[in-house]
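Undergrad: below is the structure, and that's it, no one-letter string:
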């Protein structure tokens, strides 16, 4: 250690000495090495007052002072207000004086008479020791604050496994305070138990110290608190190695897992409940990844499609269900209650309604698909529509054959009576002629209503005739002309239901074109092929529009529904700068 001006230069020193010559000599020597002498005082009370007002960096304190307060008592009073290094100066070296000086936290002790070199050395040692203790205290407070504020419990032990420190979290988990636990074996303070076992864990701290390696505390471990409670924890035991590679102790970290375990249990219970709902659901439920691969297949799906979950897992969903896809043709997209066709294991198909929802799991996107079998509903709807159509035809026949015949007879009778009245120049002749005209118009209305109720009947070729009559009725000299083009490559062999649905689709499409498209020309085409019938209605109007921006208006939904009832495909295209084409492909077997 070197002593000289550089080591203590700049120190602000308070000199407390009741011998004036010694005080002056000390002040001169210290000034020569660069110290600043703040004041020289000769009593204990003056020393306390000067120290509190001047806040020196160092105090040279004579033990024997004038007055009632000696140097050691003055130092104690000063240290109650702030910390400053104190070096005692005294001619007395008895044991009692030394013990009193040590008790007052002296940083140095110089006996009179002294050599100036010894005084400077004592001052430098005192200043260095003071700064080292302050740095150690600051570090201790910093580390204690950090350990006290972290969420994990921390226990520090010595090399024998005895507890030296516990932060507040560890105190809460174990039920021990640091004062109670210090010096106790860690195994007595930290009692661990496996969640699936009743036997306590062995002393993990001693195991780690003996093997000089870290040991994990298992995920199913419980801390048995001093008050009898149990807390689920996770963590580990690590050895503490100093900079020289020596084993100096162990540290235990404990993480309170109570809330996490409860959350896991709650999530597990919810997952089991959801699984029970999915497994018992009447509708099919599938889980797909972003590529459309089946990840989950519930029992309802197994019943619907004829595959087991093991057989279909990992396969593309297109094997059983042509889902709505994005532009790349692979990734499923969200959809709500969209009608499509399912494919069973035996390759038979059946109508379904599909809803697709998007979900997220970690860093991947999943899709939940709900499949509702529409077979029974479709059969009921078909039966209902057939019953309605039968009733409509019956009512039309009754109008034509019943009321129509009566109106025909009435019209003939009125015509005859009016002829007789005219011949006899009866004044009622004009009234009878008017009555005859009313009856004739009523007869025409009756026939028109009968045709509207059953426009095509069930006879072969009825669709073509019905479409031609429909076009003729809708065409007018002042409005757009409806042209009909028929290409018959094969015989028209549609069922009565399919025939009626195609006619109603054409009727609705023509009605929309006339009312909303403002078209100048409308073409109705019917191509009859051996496998299918293609119905197309094209106009040169303003394009597809719907009231209030509704692109799924009632008319469009009705046409789509009718097409789905007979297994036909329905499309809307706008191939030209203006106009709309509605195209319906219907299998001949429909």
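TA: Sure thing, it's come through. These numbers come from a predicted model, not from an experiment. Residues are numbered from 1 along each chain as shown.
Undergrad: in the stretch 51-200 of the chain, mark out all the helices, start to finish.
TA: Using DSSP state H, counting those that start in this stretch, the helices of the stretch 51-200 of the chain run over residues 71-81, 95-103, 116-149, 168-174, 178-181, 186-189.
Undergrad: mean pLDDT for those: which is lowest?
TA: Least confident of the helices of the stretch 51-200 of the chain, judged by mean pLDDT, is helix 95-103 with a mean of 65.
Undergrad: which non-adjacent residue is nearest the residue nearest to the spatial centre of the chain?
TA: Closest residue to the average C-alpha location of the chain: residue 360 at 6.7 Å, with Cα atoms, centre = their mean. In this structure, residue 360 finds its nearest non-sequential neighbour in residue 366, 6.9 Å apart by Cβ to Cβ, 6 or more residues apart in numbering. Just so you know, the C-beta spots here come from the backbone N, C-alpha and C atoms, and that holds for glycine as well.
Undergrad: same thing with residue 568?
TA: The nearest residue in space to residue 568 (Cβ to Cβ, 6+ apart) is residue 586, at 4.0 Å.
Undergrad: any idea how far that neighbour lies from residue 535?
TA: 7 Å (Cβ to Cβ, to the nearest Å).
Undergrad: so residue 338 makes contact with residue 369?
TA: No: using Cβ atoms under 8 Å as the test, residue 338 is too far from residue 369 to be in contact (10.7 Å).
Undergrad: compare those two (neighbour count), which wins?
TA: residue 369 (22 against 12; other Cβ atoms under 10 Å).
Undergrad: phi and psi next, for the more buried one.
TA: phi -120, psi 120 (degrees, to the nearest 10).
Undergrad: what of residue 474?
TA: With angles defined as degrees, to the nearest 10, residue 474 sits at phi -80, psi -20.
Undergrad: is it true that it touches residue 510?
TA: Yes: shown here, residue 474 and residue 510 form a contact pair, counting by Cβ under 8 Å, at 5.7 Å.
Undergrad: between the two, which contacts overlap?
TA: Here residue 474 and residue 510 share the contacting residues residue 482, scored by Cβ atoms under 8 Å, 6 or more residues apart in numbering.
Undergrad: pick out whichever of those two has more residues nearby.
TA: Higher neighbour count among residue 474 and residue 510: residue 510, with 24 against 18, using other Cβ under 10 Å.
Undergrad: got any residues that touch both of residue 586 and residue 535?
TA: Between them, residue 586 and residue 535 share the contacting residues residue 502, judged by Cβ under 8 Å, 6+ apart.
Undergrad: domain parsing for this protein?
TA: 5-144, 151-261, 283-372, 377-453, 462-587 (automatic domain parsing).
Undergrad: export these to TSV and tack on distance to residue 272?
TA: Putting the domains of the chain into TSV (distance: least, Cβ to Cβ, whole Å) gives the following:
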stretch	distance to residue 272
domain 5-144	46
domain 151-261	16
domain 283-372	14
domain 377-453	32
domain 462-587	38
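Undergrad: residue 254 in helix, strand or coil?
TA: For residue 254, the assignment made with DSSP: H, G, I helix; E, B strand; the rest coil gives strand.
Undergrad: please report the distance of residue 381 from residue 351.
TA: Going from residue 381 to residue 351 by Cβ to Cβ gives 10 Å.
Undergrad: the two: which is more packed in?
TA: residue 351 (20 against 15).
Undergrad: ok, that one - contacts?
TA: 339, 341-342, 373-375, 378, 564.
Undergrad: part of a helix, is it?
TA: No: secondary structure of residue 351 (three-state DSSP): strand, not part of a helix.
Undergrad: is it in a bridge, and if so with what?
TA: residue 341 (DSSP bridges).
Undergrad: any idea how far it is from residue 343?
TA: Using Cβ to Cβ, residue 351 is found at 12 Å from residue 343.
Undergrad: which residue of the chain lies farthest from its centroid?
TA: Distance from the centre of the chain peaks at residue 424, with 95.3 Å (Cα atoms, centre = their mean).
Undergrad: over to that one: give its phi and psi.
TA: The phi/psi pair for residue 424 (degrees, to the nearest 10) is phi -90, psi 10.
Undergrad: quick one, what contacts it?
TA: Contacts of residue 424 by Cβ under 8 Å, 6+ apart: none found.
Undergrad: how about the one 5 residues further on?
TA: With contact set as Cβ under 8 Å, 6+ apart, residue 429 has these partners: 418, 421-422.
Undergrad: do the same with residue 542
TA: 517-518, 578.
Undergrad: so which of those residues is the most crowded?
TA: residue 517 (20 neighbours).
Undergrad: find me the pLDDT at the closest residue to that residue other than its chain neighbours, would you?
TA: Distances taken as Cβ to Cβ, 6+ apart place residue 541 nearest to residue 517, at 2.7 Å, with adjacent residues excluded. Residue 541 carries a pLDDT score of 80 in this model.
Undergrad: ok, residue 312 next?
TA: Confidence for residue 312, expressed as pLDDT, is 91.
Undergrad: repeat that for the one 4 residues further on.
TA: The model reports residue 316 with a pLDDT of 90.
Undergrad: that one: neighbour count?
TA: Neighbours of residue 316 (other Cβ under 10 Å): 15.
Undergrad: surely it meets residue 292?
TA: Yes: here residue 316 reaches residue 292: they are 5.5 Å apart, a contact under Cβ under 8 Å.
Undergrad: picking up where we left off before, what strands flank the helix or strand where the residue nearest to residue 568 lies, and is each parallel or antiparallel?
TA: Applying DSSP states H and E as the criterion places residue 586 in strand 580-587. The pairing partners recorded for strand 580-587 under DSSP bridges are strand 532-539 (antiparallel), strand 569-573 (antiparallel).
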